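Novice: take this sequence and fold it.
(3 chains)
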Amino acid sequence: MSTILIIEQVLNGLQSGVMLFLMAAGLTLIFGVMGLINLAHGSLYMVGAFAAAAVAGLTGSFVLALIAALAAAALAGAVIETLVIRRLYDSDHLDQVLATFALILIFSEGTRWVFGSFPLFLDIPDALSGPVTLPGGIEYPLYRLALIVAGLLVGVGLWVLIERTRIGIQIRAGENDREMIAALGVDISRLYTLVFALGAALAGLAGALVGAIQSVQVGMGEPVLILAFVVIVIGGIGSIKGAFIGALLVGLTDTLVGIFLPEVLKLFMDAAPATSAGSAIASMSIYILMSLVLIWRPSGLFGARI
Amino acid sequence: MTDIVLRTDGISKSFGALTASNDISIDLRAGEIHAIIGPNGAGKSTLIAQICGSLQPDAGKVELMGRDVTGFSTDQRARAGLGRTFQISALAMEDTVLQNALLGALGASGRPWRFWAGVLGDTALRARAEEALARVGLDGVASKRCADLSHGQRRQLEVAVALTLRPCAFVMDEPMAGLGAAGSKEMTTFLDGLRQEAPILLVEHDMDAVFALADRISVLVYGEVIATGTVDQIRADARVREAYLGETT
Amino acid sequence: MTRETTFNAVLLLGLIAVPTWALIMDQPFTITLATRAVILALAAAGLNIALGIGGLVSLGHAVFFGIGGYAMGILAHHAQSYSPLMDWPFVIEGTKFMPVIWLVASVVSALAALVIGILSLRTTGAYFIMITLAFGQMFYYFAISWSAYGGEDGMSIYVRNDFPGLNTLAPIQFYGLCLAMLVIVLIFSARLRKSPFGLALNAARQVPARLDAVGLNPVRLKLVAFVISGVITGLAGALFADLNRFVSPTMFSWQFSGEIMVLVILGGVGRLFGPVAGAVTFVALEHFLGGLTEFWHIFLGVILLAVVLFARGGITGLVAGKEASHD
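Specialist: Numbering: from 1, shown residues only, chains lettered A, B, ... in the order given. This is a model prediction of the structure:
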């Protein structure tokens, strides 16, 4: 096994990790500020991807496609927050789960109605297509590298937003004490809509960015949603830092175990059973990781509350 | 000393920089009511939590009937003989008064793993629950839903559920909270008779009740016991007057 | 009789009458639909014990449904191919005998519920939901990668399995078997609600601290409820596989976990017959709306939203009043 392969797979793991982070950051922010568990977050990811694919198909511009993804997901987020989600802040988790499950049904079937059941394709922009040669002579797809950079930039942007701006202060205050920020004269329902739309936009962006390397189809959001849940459980609910560390851990584990476990098993057994056992165990690896974290720290690596 | 039922031996607990309990050693002797008083934020709730097991002390130990129960969980301590009541009623609001009392009787029986026979048909459990309800005067409302009870009745039910356990020590967290003058008086009379059955560690804000009931009082300030003594000793203690009653002499 | 008991009796009599009605109206397909409804009701009745009484919002109950299905699929697969399931250290043969299949489905579901329960119950609230959902996904991906048993394609069983004294291939007889199983589970649920365990579990949902204070461990109570619940949903999975003579990883899917929960809520969470009312409604909607438009899930979503936002008691609540019976 060569170093080049290892580095390549580490980069793949980072890439899927940072994209997961975009999903998990929104979820954890929404949970932290509003106490809401949002299953429909995966639908917003899908909305972003479809908006990007549709606009790219019409205009041919990837930049416009990304803008469309952000706008469509943020708009969809603001609309469902205003119509449905805000009635759920004081409800128990069961109601939140069911209502957001209902939203998934509506979004998924609605999208199928409009776009049909066939997957759409979103092309990688020319400027970012093809491989790039990294120091050490490693060839790696430029687009994936761009995803890593983009994800990290968004992460930094989010950090600045929350730690360094006025709106960030309000968000952090909202996590601690609702009455307090209402008393400070902040319009809390507007703040909630804003936070929800922000989380939605992050999900939409992730959907569009990943949509260019996978197909854009109905139901694409939910597997990512569940991975993002694993990330949050590992990182601790409400913690952006936890979401970041958790996302990288999950991304790397998922990618690396899938590639290397069969190779390791081949040292002990025949190739064919090693491959099938390896891939079966690899499919479970992140859940095993989650279980270990649960045994060690039930409220996650950076979670204060439970 | 053999008549010590419950005691804490130098328990300490900090949350970050805040010391909520600092080397607290108190004991509860057979037949007495030992009141813990102190201003808000003195660490009374933290102390109760450590005695009942929902918080683990950083140092020190808790003993019940001479047995070290520091490593016990809350439910193990209850089975070992600790009967507690909550400051804010912890009752199954959707259930009836009788069902709530049965819960205590069921806990005392230690046999919840029965899935078929009706719990209301268990005469032994029922007798125990009904007896406790009768003692606090709730036998007339046994079939009422807990949510429909008055605040005072809920406080009584709190005590009744603890009674079903027939514990060797009671830990009561503000049993008078929210009771009117008449209710407080009634509860005071009731607790007064209860001490012969099992001693009571009483956390209470109602000073009239404390001075009427307590055999001994410990004063907690900033996580430390600054004085323990009889009612008269505490009334006379200069440090208590200064630190707690806010008088400067 | 309260309105709820009347409603329950009507539902049950309706289910008993289905075969006769189908024969008279010459609509044999109705029996298959009703069988589907009864099996889904059974799966939901399992979840209703964990969710309705114990308050455990499990979004991973498809795990047990899938395990039940695969228990049937794997045993029957080996029986129909005359290959032993295992020949070392001792030989285990496949079987087409339903009682044995159900036993295996129950035991494996119980074990899975025990492990998932122990891990998930270390947490509460939103964590619990996410974790059960994640474990469901783990089983789903495992089934997909388990190529020995069909992987993503699943596997077919040629002939429905046997039950002594019945011709299970006759739709009416298989329906009767499923309905009998549902009735047994409902009787058990009714007894459980009034039992000491039910009393304690119901209180563990409302005030866990109270349970601790009387010396009962609420987490252990919830764990046992989760295991019982998993076993019942596992049995439903085995029957469902037999109904379709087909198992596939979709039995493990998170959508299915969501659907079982929808059945419970639609019918009325915590109500004895809630799962039955929910499953009958769901299958009827699926049949009639599904006949009108292939996008019927949109309407299901809207109905579900309406129930959550405006009618918390579900169908049973609408028909029989808001208060759950307290007797």
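Novice: and the residue of chain B nearest chain C?
Specialist: Closest to chain C within chain B is residue B:107: 3.1 Å, counting by Cβ to the nearest Cβ. To be clear about C-beta, it is placed using only N, CA and C from the backbone, and glycine gets the same treatment.
Novice: okay, and for chain A, where does confidence drop off?
Specialist: Within chain A, the stretches falling below the threshold (pLDDT under 70) are A:1, A:176, A:178, A:304-306.
Novice: where along it do the strands fall?
Specialist: For chain A, the strands identified by DSSP state E occupy A:131-134, A:138-141, in order along the chain.
Novice: which ones are touching the residue of chain B closest to chain C?
Specialist: B:78-79, B:164-165, C:211, C:214-216 (Cβ atoms under 8 Å, 6 or more residues apart in numbering or on different chains).
Novice: out of these, who's nearest chain A?
Specialist: Distance to chain A, by Cβ to the nearest Cβ, is smallest for residue C:211 among these, at 17.8 Å.
Novice: which element is that closest one on?
Specialist: Assigned by DSSP states H and E, residue C:211 belongs to helix C:208-213.
Novice: helices - which of the contacts of residue B:107 land there?
Specialist: Cross-referencing the contacts of residue B:107 with the helices (criterion: DSSP state H) gives B:78-79, B:164, C:211 as the overlap.
Novice: which of these has the most neighbours?
Specialist: Across those, the neighbour count under other Cβ atoms under 10 Å in any protein chain shown reaches its highest value at residue C:211, namely 30 neighbours.
Novice: how about that residue: what's its closest non-neighbour residue?
Specialist: Spatial nearest neighbour of residue C:211, excluding adjacent residues (Cβ to Cβ, 6 or more residues apart in numbering or on different chains): residue C:218 at 4.1 Å.
Novice: the one you found touches residue C:208, doesn't it?
Specialist: Yes - in this structure, residue C:218 sits in contact with residue C:208. The criterion is Cβ atoms under 8 Å, and the distance is 4.1 Å.
Novice: so how far is residue A:86 from residue B:40?
Specialist: Computed with Cβ to Cβ, to the nearest Å, the distance linking residue B:40 and residue A:86 is 35 Å.
Novice: more neighbours: the two, which one.
Specialist: A count of neighbours by other Cβ under 10 Å puts residue A:86 above the other of residue B:40 and residue A:86, at 16 against 7.
Novice: one step back: can I get the ones in helices among the contacts of residue B:107 in CSV with pLDDT and distance to residue A:9?
Specialist: Formatted as CSV, the ones in helices among the contacts of residue B:107 follow (pLDDT from 0 to 100; distance: Cβ to Cβ, whole Å):
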residue, pLDDT, distance to residue A:9
B:78, 96, 53
B:79, 95, 53
B:164, 96, 62
C:211, 96, 49
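Novice: burial of residue A:13, as a residue count?
Specialist: Burial of residue A:13, expressed as a neighbour count using other Cβ under 10 Å, amounts to 22.
Novice: quick one: it and residue A:254 touch, right?
Specialist: Yes - shown here, residue A:13 and residue A:254 form a contact pair, counting by Cβ under 8 Å, at 7.1 Å.
Novice: what's the separation between the residue lying farthest from the centre of chain A and chain C?
Specialist: Within chain A, residue A:270 marks the point farthest from the mean C-alpha position, 37.3 Å out by Cα atoms, centre = their mean. Taken as Cβ to the nearest Cβ, to the nearest Å, the spacing of residue A:270 relative to chain C amounts to 15 Å.
Novice: buried residues in stretch B:145-159?
Specialist: For stretch B:145-159, a neighbour-count test (16 or more other Cβ atoms under 10 Å in any protein chain shown) marks B:145-146, B:149, B:152-159 as buried.
Novice: among these, which are located in helices?
Specialist: When DSSP H defines the helices, the subset of the buried residues of stretch B:145-159 inside them is B:152-159.
Novice: all helices for chain C, in order.
Specialist: C:3-25, C:29-48, C:62-80, C:98-120, C:125-145, C:171-194, C:196-206, C:208-213, C:218-244, C:254-267, C:274-292, C:296-310, C:314-320.
Novice: give the contact list for residue C:99.
Specialist: By Cβ under 8 Å, 6+ apart, the contact list for residue C:99 reads C:163-164.
Novice: how far away is it from chain B?
Specialist: For residue C:99, the distance to chain B under the criterion Cβ to the nearest Cβ works out to 21 Å.
Novice: for chain B, which segments count as strands?
Specialist: All strands of chain B, identified by DSSP E, fall at B:4-15, B:18-29, B:33-37, B:59-64, B:67-68, B:82-85, B:169-173, B:200-203, B:216-221, B:224-229.
Novice: adding mean neighbour count, mean pLDDT and distance to residue C:49, write these out as CSV.
Specialist: Compiled in CSV, the strands of chain B are given as follows (neighbours: other Cβ atoms under 10 Å in any protein chain shown; pLDDT from 0 to 100; distance: least, Cβ to Cβ, whole Å):
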stretch, mean neighbour count, mean pLDDT, distance to residue C:49
strand B:4-15, 19, 94, 38
strand B:18-29, 19, 93, 40
strand B:33-37, 24, 95, 42
strand B:59-64, 18, 96, 35
strand B:67-68, 10, 94, 37
strand B:82-85, 27, 95, 30
strand B:169-173, 24, 96, 33
strand B:200-203, 25, 96, 38
strand B:216-221, 22, 93, 45
strand B:224-229, 18, 92, 48
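Novice: what's the closest of these to chain A?
Specialist: Comparing those by Cβ to the nearest Cβ, strand B:4-15 comes nearest, at 11.8 Å.
Novice: near chain A, which residues of the stretch 151-300 of chain C show up?
Specialist: Neighbours of chain A within the stretch 151-300 of chain C, by Cβ under 8 Å from any Cβ of the partner chain: C:254-255, C:258, C:261-262, C:265, C:269, C:295-298, C:300.
Novice: most neighbours out of these, which is it?
Specialist: Neighbour counts for these (other Cβ under 10 Å) peak at residue C:265, which has 28 neighbours.
Novice: can you give me the pLDDT of that one?
Specialist: Taken from the predicted model, the pLDDT recorded for residue C:265 is 92.
Novice: residue contacts, residue A:287?
Specialist: Contact criterion Cβ under 8 Å, 6+ apart gives A:230, C:134-135, C:137-138 as the residues in contact with residue A:287.
Novice: mind redoing it with 7 Å?
Specialist: Contacts were defined as Cβ atoms under 7 Å, 6 or more residues apart in numbering or on different chains; by that measure residue A:287 touches A:230, C:134-135, C:138.
Novice: just residue C:201 next, same as before
Specialist: When contacts are counted by Cβ under 7 Å, 6+ apart, residue C:201 is found next to C:53-54, C:221, C:225.
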